[in-house]
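Asker: missing the sequence, but the structure's below:
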(Lines give C-alpha, C1' and ligand atoms only; values in the text may rest on other atoms or scores of the structure.)
Protein backbone atom coordinates (compact mmCIF):
# COMPACT_ATOMS: atom_id res chain seq x y z
CA UNK A 1 0.00 0.00 0.00
CA UNK A 2 1.32 3.45 -0.92
CA UNK A 3 2.11 6.02 1.76
CA UNK A 4 -0.73 8.19 0.47
CA UNK A 5 -3.26 5.39 0.96
CA UNK A 6 -1.88 4.64 4.42
CA UNK A 7 -2.20 8.28 5.49
CA UNK A 8 -5.77 8.47 4.20
CA UNK A 9 -6.52 5.28 6.12
CA UNK A 10 -5.14 6.83 9.32
CA UNK A 11 -2.01 4.68 9.64
CA UNK A 12 -0.16 6.47 12.46
CA UNK A 13 3.28 5.07 11.61
CA UNK A 14 3.00 6.14 7.98
CA UNK A 15 1.80 9.59 9.05
CA UNK A 16 4.67 9.99 11.54
CA UNK A 17 7.24 8.97 8.89
CA UNK A 18 5.82 11.45 6.39
CA UNK A 19 5.83 14.27 8.94
CA UNK A 20 9.46 13.50 9.77
CA UNK A 21 10.35 13.56 6.07
CA UNK A 22 8.70 16.97 5.70
CA UNK A 23 10.48 18.31 8.77
CA UNK A 24 13.80 17.14 7.36
CA UNK A 25 12.99 18.63 3.94
CA UNK A 26 13.33 15.20 2.31
CA UNK A 27 12.34 15.25 -1.41
CA UNK A 28 10.25 12.07 -1.15
CA UNK A 29 8.15 13.68 1.59
CA UNK A 30 7.07 16.52 -0.66
CA UNK A 31 6.46 14.10 -3.52
CA UNK A 32 4.05 12.16 -1.30
CA UNK A 33 2.47 15.43 -0.19
CA UNK A 34 1.65 16.20 -3.83
CA UNK A 35 -0.46 13.04 -3.98
CA UNK A 36 -2.23 13.94 -0.72
CA UNK A 37 -3.01 17.53 -1.68
CA UNK A 38 -6.28 16.79 -3.57
CA UNK A 39 -7.61 15.28 -0.32
CA UNK A 40 -7.04 18.46 1.72
CA UNK A 41 -8.92 21.72 2.27
CA UNK A 42 -11.51 20.52 4.78
CA UNK A 43 -9.81 21.23 8.14
CA UNK A 44 -10.03 24.55 9.94
CA UNK A 45 -6.54 25.82 10.80
CA UNK A 46 -6.23 27.71 14.10
CA UNK A 47 -3.08 29.56 15.11
CA UNK A 48 -2.37 30.06 18.81
CA UNK A 49 0.31 32.52 19.82
CA UNK A 50 1.47 34.64 22.74
CA UNK A 51 4.58 35.28 24.77
CA UNK A 52 6.33 32.35 26.48
CA UNK A 53 4.67 31.54 29.79
CA UNK A 54 1.13 32.67 28.96
CA UNK A 55 -0.15 29.08 28.98
CA UNK A 56 -0.57 28.32 25.27
CA UNK A 57 -0.17 24.56 25.59
CA UNK A 58 -2.41 24.31 28.66
CA UNK A 59 -5.10 26.34 26.91
CA UNK A 60 -4.93 24.22 23.74
CA UNK A 61 -5.17 21.13 25.92
CA UNK A 62 -8.37 22.44 27.55
CA UNK A 63 -9.89 23.67 24.26
CA UNK A 64 -9.17 20.29 22.67
CA UNK A 65 -10.98 18.54 25.50
CA UNK A 66 -14.03 20.74 24.92
CA UNK A 67 -14.02 20.26 21.15
CA UNK A 68 -13.69 16.49 21.56
CA UNK A 69 -16.90 16.53 23.59
CA UNK A 70 -18.56 17.98 20.49
CA UNK A 71 -17.26 15.03 18.45
CA UNK A 72 -14.57 16.97 16.57
CA UNK A 73 -11.21 15.42 15.74
CA UNK A 74 -8.12 17.50 16.46
CA UNK A 75 -4.60 17.84 15.12
CA UNK A 76 -1.95 19.79 17.04
CA UNK A 77 1.37 21.03 15.69
CA UNK A 78 3.35 22.43 18.62
CA UNK A 79 6.39 24.37 17.45
CA UNK A 80 9.09 24.12 20.10
CA UNK A 81 12.45 25.90 20.22
CA UNK A 82 15.29 23.96 18.62
CA UNK A 83 17.65 22.27 21.05
CA UNK A 84 21.15 23.76 20.71
CA UNK A 85 22.59 20.28 21.37
CA UNK A 86 20.54 17.91 19.22
CA UNK A 87 18.85 20.21 16.72
CA UNK A 88 15.50 18.67 17.63
CA UNK A 89 12.45 20.02 19.42
CA UNK A 90 12.59 20.33 23.21
CA UNK A 91 9.13 18.69 23.38
CA UNK A 92 7.87 20.79 26.28
CA UNK A 93 4.51 21.42 24.63
CA UNK A 94 3.88 17.75 23.91
CA UNK A 95 4.57 16.83 27.54
CA UNK A 96 1.91 19.33 28.67
CA UNK A 97 -0.65 17.75 26.31
CA UNK A 98 0.10 14.13 27.19
CA UNK A 99 -3.46 13.59 28.50
CA UNK A 100 -4.57 13.17 24.88
CA UNK A 101 -1.94 10.58 23.95
CA UNK A 102 -4.42 7.71 24.19
CA UNK A 103 -7.22 9.52 22.35
CA UNK A 104 -7.40 8.33 18.72
CA UNK A 105 -9.28 11.52 17.82
CA UNK A 106 -6.27 13.69 18.69
CA UNK A 107 -2.90 13.72 16.91
CA UNK A 108 -0.05 15.76 18.41
CA UNK A 109 3.26 16.51 16.73
CA UNK A 110 6.08 18.61 18.18
CA UNK A 111 8.21 20.41 15.65
CA UNK A 112 11.56 22.18 15.99
CA UNK A 113 11.93 25.69 14.60
CA UNK A 114 15.38 24.77 13.18
CA UNK A 115 16.24 28.40 12.82
CA UNK A 116 13.02 29.44 11.10
CA UNK A 117 12.37 33.13 11.71
CA UNK A 118 9.24 34.35 13.45
CA UNK A 119 8.72 31.18 15.46
CA UNK A 120 7.07 29.39 12.51
CA UNK A 121 8.78 26.30 11.14
CA UNK A 122 9.01 26.00 7.35
CA UNK A 123 7.50 22.53 7.64
CA UNK A 124 4.50 23.57 9.75
CA UNK A 125 2.19 24.47 6.88
CA UNK A 126 3.15 21.35 4.93
CA UNK A 127 2.32 19.27 8.00
CA UNK A 128 -1.16 20.76 8.28
CA UNK A 129 -1.96 19.24 4.88
CA UNK A 130 -1.09 15.78 6.20
CA UNK A 131 -3.29 16.17 9.28
CA UNK A 132 -6.02 17.61 7.06
CA UNK A 133 -5.82 14.59 4.73
CA UNK A 134 -6.06 12.18 7.66
CA UNK A 135 -9.42 13.76 8.52
CA UNK A 136 -8.81 16.14 11.41
CA UNK A 137 -11.58 18.73 11.73
CA UNK A 138 -9.52 21.38 13.52
CA UNK A 139 -5.74 21.76 13.42
CA UNK A 140 -3.97 23.93 15.98
CA UNK A 141 -0.56 25.44 15.27
CA UNK A 142 1.11 26.68 18.44
CA UNK A 143 4.00 29.08 17.93
CA UNK A 144 7.12 29.54 20.00
CA UNK A 145 5.83 33.03 20.83
CA UNK A 146 8.95 35.07 20.05
CA UNK A 147 10.01 37.56 17.40
CA UNK A 148 7.35 38.16 14.75
CA UNK A 149 5.53 34.87 15.33
CA UNK A 150 2.31 36.68 16.21
CA UNK A 151 2.11 38.24 12.76
CA UNK A 152 3.46 35.22 10.87
CA UNK A 153 0.85 32.86 12.28
CA UNK A 154 -2.01 34.98 10.92
CA UNK A 155 -0.74 34.40 7.38
CA UNK A 156 -1.08 30.63 7.51
CA UNK A 157 -4.25 30.08 9.54
CA UNK A 158 -8.01 30.54 9.20
CA UNK A 159 -8.44 31.77 12.79
CA UNK A 160 -5.72 33.30 14.95
CA UNK A 161 -5.88 33.34 18.76
CA UNK A 162 -3.65 35.64 20.81
CA UNK A 163 -3.14 34.76 24.48
CA UNK A 164 -2.22 37.42 27.03
CA UNK A 165 -1.73 37.34 30.78
CA UNK A 166 -1.96 40.10 33.41
CA UNK A 167 1.27 41.68 34.57
CA UNK A 168 3.57 40.64 31.70
CA UNK A 169 3.66 43.90 29.76
CA UNK A 170 1.67 42.25 26.98
CA UNK A 171 -0.19 45.43 26.01
CA UNK A 172 3.01 47.26 25.09
CA UNK A 173 4.25 44.32 23.03
CA UNK A 174 0.80 44.09 21.48
CA UNK A 175 1.06 47.61 20.08
CA UNK A 176 4.63 47.06 18.85
CA UNK A 177 3.85 43.84 17.00
CA UNK A 178 0.70 45.12 15.33
CA UNK A 179 -1.09 41.92 16.27
CA UNK A 180 -4.08 43.98 17.43
CA UNK A 181 -5.24 44.32 13.82
CA UNK A 182 -4.44 40.73 12.88
CA UNK A 183 -5.75 38.52 15.70
CA UNK A 184 -9.33 37.20 15.55
CA UNK A 185 -9.77 36.05 19.15
CA UNK A 186 -8.12 37.36 22.31
CA UNK A 187 -7.71 35.30 25.46
CA UNK A 188 -6.60 36.69 28.80
CA UNK A 189 -5.36 33.56 30.56
CA UNK A 190 -4.51 33.25 34.24
CA UNK A 191 -7.42 35.63 34.79
CA UNK A 192 -7.35 34.94 38.54
CA UNK A 193 -4.32 37.22 38.72
CA UNK A 194 -4.60 40.88 39.64
CA UNK A 195 -4.94 43.12 36.61
CA UNK A 196 -6.96 40.79 34.37
CA UNK A 197 -9.98 43.08 34.19
CA UNK A 198 -7.89 46.19 33.58
CA UNK A 199 -6.07 44.38 30.77
CA UNK A 200 -9.44 43.51 29.22
CA UNK A 201 -10.56 47.16 29.41
CA UNK A 202 -7.27 48.37 27.94
CA UNK A 203 -7.54 45.83 25.13
CA UNK A 204 -11.08 46.92 24.33
CA UNK A 205 -10.04 50.56 24.22
CA UNK A 206 -7.16 49.74 21.86
CA UNK A 207 -9.65 48.09 19.49
CA UNK A 208 -11.59 51.37 19.21
CA UNK A 209 -14.92 49.86 20.21
CA UNK A 210 -14.88 47.02 17.68
CA UNK A 211 -16.86 44.07 19.01
CA UNK A 212 -16.37 41.52 16.20
CA UNK A 213 -13.28 40.08 17.92
CA UNK A 214 -14.16 38.58 21.29
CA UNK A 215 -12.07 38.74 24.45
CA UNK A 216 -12.25 35.70 26.73
CA UNK A 217 -10.99 35.44 30.31
CA UNK A 218 -9.75 31.97 31.22
CA UNK A 219 -7.97 29.94 33.87
CA UNK A 220 -6.76 27.10 31.69
CA UNK A 221 -5.29 25.04 34.54
CA UNK A 222 -8.76 24.61 36.04
CA UNK A 223 -10.58 24.62 32.68
CA UNK A 224 -12.44 27.81 33.63
CA UNK A 225 -13.67 29.76 30.61
CA UNK A 226 -12.08 27.44 28.04
CA UNK A 227 -15.42 26.07 26.78
CA UNK A 228 -16.31 29.61 25.71
CA UNK A 229 -13.06 29.88 23.74
CA UNK A 230 -13.79 26.57 21.99
CA UNK A 231 -17.25 27.87 21.12
CA UNK A 232 -15.72 31.14 19.92
CA UNK A 233 -13.48 29.30 17.47
CA UNK A 234 -16.43 27.37 16.03
CA UNK A 235 -18.50 30.56 15.82
CA UNK A 236 -15.67 32.41 14.09
CA UNK A 237 -15.43 29.75 11.42
CA UNK A 238 -19.17 29.99 10.75
CA UNK A 239 -18.82 33.75 10.36
CA UNK A 240 -15.93 33.36 7.92
CA UNK A 241 -17.98 31.00 5.77
CA UNK A 242 -21.08 33.20 5.93
CA UNK A 243 -19.27 36.32 4.74
CA UNK A 244 -17.00 34.64 2.17
CA UNK A 245 -13.93 35.51 4.24
CA UNK A 246 -12.72 31.93 4.59
CA UNK A 247 -12.12 31.61 0.84
CA UNK A 248 -10.27 34.93 0.78
CA UNK A 249 -7.99 33.90 3.63
CA UNK A 250 -7.25 30.57 2.00
CA UNK A 251 -6.33 32.25 -1.27
CA UNK A 252 -3.89 34.45 0.64
CA UNK A 253 -2.49 31.39 2.40
CA UNK A 254 -2.06 29.56 -0.91
CA UNK A 255 -0.11 32.55 -2.26
CA UNK A 256 2.04 32.64 0.86
CA UNK A 257 2.76 28.93 0.64
CA UNK A 258 3.55 29.21 -3.07
CA UNK A 259 6.07 32.02 -2.58
CA UNK A 260 7.59 30.13 0.35
CA UNK A 261 8.00 27.03 -1.82
CA UNK A 262 9.58 29.09 -4.62
CA UNK A 263 11.97 30.71 -2.15
CA UNK A 264 12.96 27.30 -0.73
CA UNK A 265 13.52 25.86 -4.21
CA UNK A 266 15.73 28.78 -5.22
CA UNK A 267 17.74 28.43 -2.03
CA UNK A 268 18.19 24.71 -2.69
CA UNK A 269 19.44 25.43 -6.21
CA UNK A 270 21.85 28.08 -4.95
CA UNK A 271 23.16 25.77 -2.23
CA UNK A 272 23.62 22.89 -4.68
CA UNK A 273 25.08 24.75 -7.66
CA UNK A 274 26.61 27.99 -6.39
CA UNK A 275 27.84 27.40 -2.85
CA UNK A 276 31.54 27.85 -3.67
CA UNK A 277 30.86 30.91 -5.82
CA UNK A 278 28.88 32.52 -3.00
CA UNK A 279 31.69 31.80 -0.55
CA UNK A 280 34.12 33.50 -2.93
CA UNK A 281 31.80 36.50 -3.32
CA UNK A 282 31.47 36.69 0.46
CA UNK A 283 35.27 36.86 0.73
CA UNK A 284 35.27 39.72 -1.78
CA UNK A 285 32.63 41.53 0.25
CA UNK A 286 34.66 41.13 3.45
CA UNK A 287 37.76 42.43 1.62
CA UNK A 288 35.69 45.40 0.36
CA UNK A 289 36.43 44.43 -3.23
CA UNK A 290 32.70 44.16 -3.77
CA UNK A 291 29.59 45.47 -2.02
CA UNK A 292 26.79 43.04 -0.92
CA UNK A 293 24.29 44.42 -3.44
CA UNK A 294 26.57 44.01 -6.44
CA UNK A 295 27.44 40.50 -5.21
CA UNK A 296 23.73 39.64 -5.02
CA UNK A 297 23.33 40.93 -8.58
CA UNK A 298 26.09 38.61 -9.76
CA UNK A 299 24.40 35.66 -8.04
CA UNK A 300 21.07 36.43 -9.74
CA UNK A 301 22.73 36.81 -13.15
CA UNK A 302 24.39 33.42 -12.80
CA UNK A 303 21.19 31.94 -11.43
CA UNK A 304 19.30 33.24 -14.47
CA UNK A 305 21.86 31.66 -16.79
CA UNK A 306 21.53 28.40 -14.85
CA UNK A 307 17.75 28.39 -15.30
CA UNK A 308 18.06 29.10 -19.04
CA UNK A 309 20.48 26.23 -19.52
CA UNK A 310 17.98 23.84 -17.86
CA UNK A 311 14.95 24.94 -19.89
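Answerer: That came through, no problem. Note that the structure is a prediction, hence the values are computed from the model and not measured. Residues are numbered from 1 along each chain as shown.

Asker: could you measure from residue 307 over to residue 299?
Answerer: In this structure, residue 307 and residue 299 are separated by 13 Å, where distance is defined by Cβ to Cβ, to the nearest Å. From N, CA and C alone the C-beta is placed, and that goes for glycine too.

Asker: what's the longest helix along the chain packed up against?
Answerer: For the chain, the helix that runs over the most residues, judged by DSSP state H, is helix 245-273. In terms of contact count using 3 or more Cβ pairs under 8 Å, 6 or more residues apart in numbering; DSSP states H and E, helix 245-273 is assigned the packing partners helix 124-133, helix 149-155, helix 226-242, helix 292-310.

Asker: worst mean pLDDT among the ones you listed?
Answerer: Per-segment mean pLDDT for the helices and strands packed on helix 245-273 reaches its minimum on helix 149-155, at a mean of 73.

Asker: the more surrounded of residue 307 and residue 299?
Answerer: Between residue 307 and residue 299, counted using other Cβ atoms under 10 Å, residue 299 has the larger neighbour count: 15 against 11.

Asker: so the more buried one sits right up against residue 275, yeah?
Answerer: No. Contact status for residue 299 versus residue 275: not in contact, 11.1 Å apart, counting by Cβ atoms under 8 Å.

Asker: burial measure for the nearest residue to residue 253 once chain neighbours are set aside, as a count.
Answerer: Nearest-residue entry for residue 253: residue 156, 5.7 Å, with adjacent residues in sequence omitted and distances by Cβ to Cβ, 6 or more residues apart in numbering. As a burial measure, residue 156 scores 20 neighbours (other Cβ under 10 Å).

Asker: quick one: residue 103 and residue 274, what's the gap?
Answerer: In this structure, residue 103 lies at 48 Å from residue 274, with Cβ to Cβ as the measure.

Asker: kindly report the same for residue 152.
Answerer: Computed as Cβ to Cβ, the residue 152 to residue 274 distance reads 28 Å.

Asker: so for the two, which sits in the more crowded spot?
Answerer: Neighbour tally, residue 152 and residue 274, criterion other Cβ under 10 Å: the higher count belongs to residue 152, 21 against 17.

Asker: can you give me the distance of the more buried one to residue 183?
Answerer: Taking Cβ to Cβ, one finds residue 152 at 12 Å from residue 183.

Asker: where does the chain have its least confident helix or strand?
Answerer: Of all regular secondary-structure elements in the chain, judged by mean pLDDT, DSSP states H and E, the least confident is helix 92-96 with a mean of 53.

Asker: and the angle for whichever helix or strand comes after that helix with helix 124-133?
Answerer: Along the chain past helix 92-96, the next helix or strand (assigned with DSSP states H and E) turns out to be strand 106-112. For strand 106-112 and helix 124-133, the angle between their directions (axes from the mean of the first three to the mean of the last three Cα atoms, to 10 degrees) works out to 170 degrees.

Asker: quick check: mean pLDDT of strand 106-112?
Answerer: The predicted model gives strand 106-112 an average pLDDT of 89.

Asker: circling back to that earlier point, columns distance to residue 197 on top of the helices and strands packed on helix 245-273, output as JSON lines?
Answerer: Output for the helices and strands packed on helix 245-273, formatted as JSON lines (distance: least, Cβ to Cβ, whole Å):
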{"stretch": "helix 124-133", "distance to residue 197": "35"}
{"stretch": "helix 149-155", "distance to residue 197": "23"}
{"stretch": "helix 226-242", "distance to residue 197": "16"}
{"stretch": "helix 292-310", "distance to residue 197": "51"}
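
Asker: the residue nearest to residue 253 touches residue 124, doesn't it?
Answerer: Yes. Using Cβ under 8 Å as the test, residue 156 is close enough to residue 124 to be in contact (7.2 Å).

Asker: quick one on the thing from earlier: give me the phi and psi angles of the residue nearest to residue 253.
Answerer: Its backbone dihedrals place residue 156 at phi -120, psi 10, with angles given as degrees, to the nearest 10.

Asker: centre-most residue in this protein?
Answerer: Compute the mean C-alpha point of the chain, and by Cα atoms, centre = their mean the closest residue is residue 141, 4.5 Å away.

Asker: and it, that one's in a strand?
Answerer: Yes. When the secondary structure is assigned by DSSP: H, G, I helix; E, B strand; the rest coil, residue 141 falls within a strand.
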